[in-house]
Structures are given as structure tokens and as C-alpha cells.
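Colleague: After the sequence you'll find the predicted model.
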Amino acid sequence: MKSIVVYRSKSGNTKAIAEVIAKKLKAKALPVNLLEKKGRGTKEEQQKEKEMFAAALEACKDADLVVIGTPVSFQQAHSQITRFCKQVETKNIGLFCTYINKPGASLDDLQTILRERGIKVTGTADFGGLNSGQFEKFDKAARDEYFNKAEEFVEGCLKRI
């Protein structure tokens, strides 16, 4: 079974979870943004992000499962991930988000977009309490809690395909 993990990360938290999920699926984790970039970036960085976005869309076309991750800001999924969900072509998607206080309707909104397009959402998970860049500062036990939840999420997604 071919799986792909696509994510947008602002501070590294979403990336960390995406990498655990990719490892569990034996899949590639494809970012759609440059993590180090501040603001809108240079024209070269903007072009690179367009290429990353297009490559992720292309990789999803023949995948059996796509897992998409987003940071949450103001209780909404990142606009780039919303746009990705409006364009992705695949059959099965799992969704996850990382956030500080509340996930809001971020995952519900993405599910609605996908279901309206006839794409099956095989599972959702939210990973809360993560301040900007905090994941890397956790001790092993704290990280393992998030990792275990990520692995359970993936197992649930796989069962629903």
C-alpha cells in the first residue's frame, strides 16, 4: 500500500508528528513550506514552495492513503493546507493538527471540504498543548505520549481504508 504524509509546519511541531506518522507508514513526509522562512519570503522561496506544493499534489494521485497535517492558528487550519485539500486527488485521507489551546473547527472544516469532493476521511487526530517549537524541548516521556497517539491514529486510519 502506498502512503504519503503531507504537512505544513510553522515551528516544527507539525513536522515532528508528520515524521512519526511517515515512519509508521513507511512513507515519505512531504512539506509544503520552507520552515525557516519568515514572512512571504523571497521570489525564489515562493517559487520553491509552489514547486513543493505541486510535487505533493502529484505524489498523492496514486496513493492509497494520504495523511495531511496542519498547524492551527486562531482555531483554523493553515490556508495552504485548506487549499491543498481543495486540490488533492486521492481516495482516502487522514487529518491531524497541532495547536496550543484549541483546535477549533480546523479538522471539521477540512473534513467538509474533502467529503464534498468525494474523498473518504479515514480518521482525525489533534495534538494539543504545543507552544511554538515546544515539541523539541520535551523530554522523551512527553514526546513518547505524542508519538504513541500518532501511531494509534495511523492504525485507525489504515483499518478504515
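Modeller: Here it is on my side, so go on.

Colleague: Would you map the helices across the protein?
Modeller: Assigned by DSSP state H, the helices in the chain fall at 13-25, 43-60, 79-87, 106-116, 140-159.

Colleague: Return the most buried member of these.
Modeller: helix 13-25 (a mean of 22; mean count of other CB atoms under 10 Å). (C-beta placed from N, C-alpha, C; glycine too.)

Colleague: what's the spacing between that one and its chain's center?
Modeller: 9 Å (CA atoms, centre = their mean, to the nearest Å).

Colleague: helices or strands up against that helix?
Modeller: The contact analysis (3 or more CB pairs under 8 Å, 6 or more residues apart in numbering; DSSP states H and E) places helix 13-25 against strand 3-7, strand 28-31, strand 65-73, strand 92-98, helix 140-159.

Colleague: would you list those in CSV and tack on distance to residue 53 and mean pLDDT?
Modeller: Listed next are the helices and strands packed on helix 13-25 as CSV, based on distance: least, CB to CB, whole Å; pLDDT from 0 to 100:
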stretch, distance to residue 53, mean pLDDT
strand 3-7, 9, 98
strand 28-31, 9, 97
strand 65-73, 12, 96
strand 92-98, 16, 98
helix 140-159, 23, 95
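
Colleague: Dump these to JSON lines, plus distance to residue 40.
Modeller: As requested, the helices and strands packed on helix 13-25 are exported to JSON lines (distance: least, CB to CB, whole Å):
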{"stretch": "strand 3-7", "distance to residue 40": "20"}
{"stretch": "strand 28-31", "distance to residue 40": "17"}
{"stretch": "strand 65-73", "distance to residue 40": "16"}
{"stretch": "strand 92-98", "distance to residue 40": "23"}
{"stretch": "helix 140-159", "distance to residue 40": "31"}
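
Colleague: Which one of the ones you listed lies nearest to residue 59?
Modeller: strand 3-7 (5.1 Å; CB to CB).

Colleague: what are the pairing partners of that closest one, and which direction each?
Modeller: The strands beside strand 3-7 in its sheet (DSSP bridges) come out as strand 28-31 (parallel), strand 65-73 (parallel).
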